[in-house]
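Trainee: the sequence and its predicted three-dimensional model are supplied below.
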Amino acid sequence: MMIGRATRGAKIERVKNGWRLGIQKGDSLGYRDAQLDDYSQLPRHKYPHQTLSLSLRAKISSSSIAGTWGFGLWNDPFGMSLGFGGNPFRLPALPNAVWFFSASPQNYLSFTNDKPAQGFLAQTFRSPKFHPLLILAGFTLPFSPLRKMTRKLLSAVIDEDSLALSVDVTQWHAYRLEWSPKRVVWYVDDAPVFESPISPNPPLGIIIWIDNQYAAFTPEGRIAFGILEGKEEWLEIEDLIIKEENS
């Protein structure tokens, strides 16, 4: 069951056949997030989905939103949802995710140097629960001169794949992703646009969101995260269909 949640300065409205998720105009002092999800009250090991086909129609108010937005599945690796209360505590984890993801230029959301890290993406991450290299990565992360090494270590542990999509997201389009144990396929208007053998490790939860947040871990080793000043923006979706995959 999808549950709507919104921080101060954001709202979710039911519209014909779907929802409109909106964030208000504001400065960089307040986090604004509107999202639908089906995992927020669950511990991570009880997230609902092992495989999934997710389809919907969507359009966005602007192609240059300050922050991020998208729809798909993830394991909420940060262990928290900023601005929301009453959620079970989760320890941070390595990312497992598959989604249509849009990130403004302040973001750099890739651990490799050869994959797109901003813009509108079809993207997937697969990570183990633990890897011995994480011990070394944890040691080097606090030291700025060693963060390039940290990023290289993480890229050896986290598998990822992505493609920058050329889509006018301000117009209605049909989006679908099919997540199975051995591959993921993304579709736009019923045409396959990307396929990857990197399938995230389950279980995952569905998330559909728009916010004014950014995060970056650049090839130079710079780490940055925070919230952005922005205009009033919205994401509208309709005809959401969720089907468990069996292959």
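Mentor: Received it, and whenever you're ready, just let me know what you need.
Trainee: quick one: the longest helix seen in the chain to chain centroid distance?
Mentor: Of all segments of type helix in the chain, defined using DSSP state H, the longest is helix 147-157. Offset of helix 147-157 from its chain centre (C-alpha atoms, centre = their mean, to the nearest Å): 20 Å.
Trainee: Ile208 is in contact with Phe71, correct?
Mentor: Yes. Counting by C-beta atoms under 8 Å, Phe71 does reach Ile208; the two are 4.2 Å apart. The way it works is simple: take the backbone N, C-alpha and C, and place the C-beta from them, glycine included.
Trainee: quick one, helices of this structure?
Mentor: With DSSP H as the criterion, the chain has helices spanning 133-140, 147-157.
Trainee: lowest average pLDDT across these?
Mentor: Here these differ in mean pLDDT, and the lowest is helix 133-140 at a mean of 59.
Trainee: can you pull out the low-pLDDT segments for this structure?
Mentor: Per-residue confidence for the chain (pLDDT under 70) gives these ranges: 79-91, 131-143, 245-247.
Trainee: and if we set it to 50?
Mentor: Per-residue confidence for the chain (pLDDT under 50) gives these ranges: 80, 82-86, 247.
Trainee: max-length strand in it?
Mentor: The longest strand of the chain (DSSP state E) is strand 233-243.
Trainee: for it, which strands pair with it and how are they oriented?
Mentor: Strand pairing for strand 233-243, using DSSP bridges, gives strand 18-23 (antiparallel), strand 52-60 (antiparallel).
Trainee: ok, the spatially most central residue of the chain to Leu163 distance?
Mentor: By C-alpha atoms, centre = their mean, the chain has its centre lying nearest to Phe101, at 5.7 Å. The spacing between Phe101 and Leu163, counted by C-beta to C-beta, to the nearest Å, is 11 Å.
Trainee: who touches both of the two?
Mentor: Shared contacts of Phe101 and Leu163, defined by C-beta atoms under 8 Å, 6 or more residues apart in numbering, comprise Leu121, Ala122, Gln123.
Trainee: contacts only, for the first one.
Mentor: When contacts are counted by C-beta under 8 Å, 6+ apart, Leu121 is found next to Phe100, Phe101, Ser102, Ala103, Ser162, Leu163, Ala164, Leu165.
Trainee: try it again at 7 Å.
Mentor: Applying C-beta atoms under 7 Å, 6 or more residues apart in numbering to Leu121 gives the contacts Phe101, Ser162, Leu163, Ala164, Leu165.
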